[in-house]
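Q: Sharing a model that was predicted from the sequence below.
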Amino acid sequence: MSVATVLPLVLIVLVGYLLIVRPTRKRSQAAQRLQSSLAPGDQVMLTSGIFARLVDLEHETAHVELAPGVVVRVHRRAVGQIIVDPTGDLAKDATGAEDPEDAGEDVSHRAGETPGDDSRGVS
C-alpha cells in the first residue's frame, strides 16, 4: 500500500473527528459543567426559553419558581443556562420595567392589532 492510497482515508477520519466528535465532546463537557454548577437561588433560563429562579435541586429534577408562589418541577437538563444579572432582577425588558404596562407602553397591538383598532370581528 502506498501513502497516496492511505492519505485520503486518514484525511477523512481527521476531518470527521474535527467536525463531529470534537464539537460534540465540547458541548457535552459544557453541559456537564453547567449541571454541576447549579445552585438554589440561581436565575436560569430553561431550554424552552422560560426564565425562572432555581428553588431546589434533586437527582434528576429541579424545582423552579416562574413567578412569586408559582413553583414547577422540571427535568434537571431542562436548565439551559444560568443568567448572570448583576442587579439581581429577573426578565426585565429594555425599559427596565418588569411589566410592559408599567413602562407606559400600549400593549393592545401585540396580538396583531393596531393601537385604537377594535376590528376583531366582534359585533
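A: That came through fine.
Q: so where do the strands sit in this protein?
A: Counting by DSSP state E, the chain has these strands, from start to end: 43-46, 51-57, 61-67, 70-75, 79-82.
Q: Just send those strands back as TSV, with mean pLDDT and distance to L9 too.
A: Backbone N, C-alpha and C define where each C-beta goes, glycine included. Shown next, in TSV, are the strands of the chain (pLDDT from 0 to 100; distance: least, C-beta to C-beta, whole Å):
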stretch	mean pLDDT	distance to L9
strand 43-46	94	43
strand 51-57	95	47
strand 61-67	95	46
strand 70-75	96	41
strand 79-82	93	39
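Q: Just the CA trace of the helix ranked longest in the chain, in PDB.
A: For the chain, the longest helix by residue count, based on DSSP state H, is helix 22-37. The C-alpha trace of helix 22-37 is given here as PDB (Å, rounded to 0.1, in the frame of the first residue of the first chain):
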ATOM      1  CA  ARG A  22     -14.700  17.200  19.000                       C
ATOM      2  CA  PRO A  23     -17.600  19.700  18.900                       C
ATOM      3  CA  THR A  24     -19.900  17.100  20.400                       C
ATOM      4  CA  ARG A  25     -17.500  16.400  23.200                       C
ATOM      5  CA  LYS A  26     -17.100  20.100  23.900                       C
ATOM      6  CA  ARG A  27     -20.900  20.600  24.100                       C
ATOM      7  CA  SER A  28     -21.200  17.600  26.400                       C
ATOM      8  CA  GLN A  29     -18.500  18.900  28.700                       C
ATOM      9  CA  ALA A  30     -20.100  22.400  28.800                       C
ATOM     10  CA  ALA A  31     -23.500  20.800  29.700                       C
ATOM     11  CA  GLN A  32     -21.800  18.800  32.500                       C
ATOM     12  CA  ARG A  33     -20.100  21.900  33.900                       C
ATOM     13  CA  LEU A  34     -23.500  23.800  33.800                       C
ATOM     14  CA  GLN A  35     -25.300  20.900  35.700                       C
ATOM     15  CA  SER A  36     -22.600  20.700  38.300                       C
ATOM     16  CA  SER A  37     -22.600  24.500  38.900                       C
END
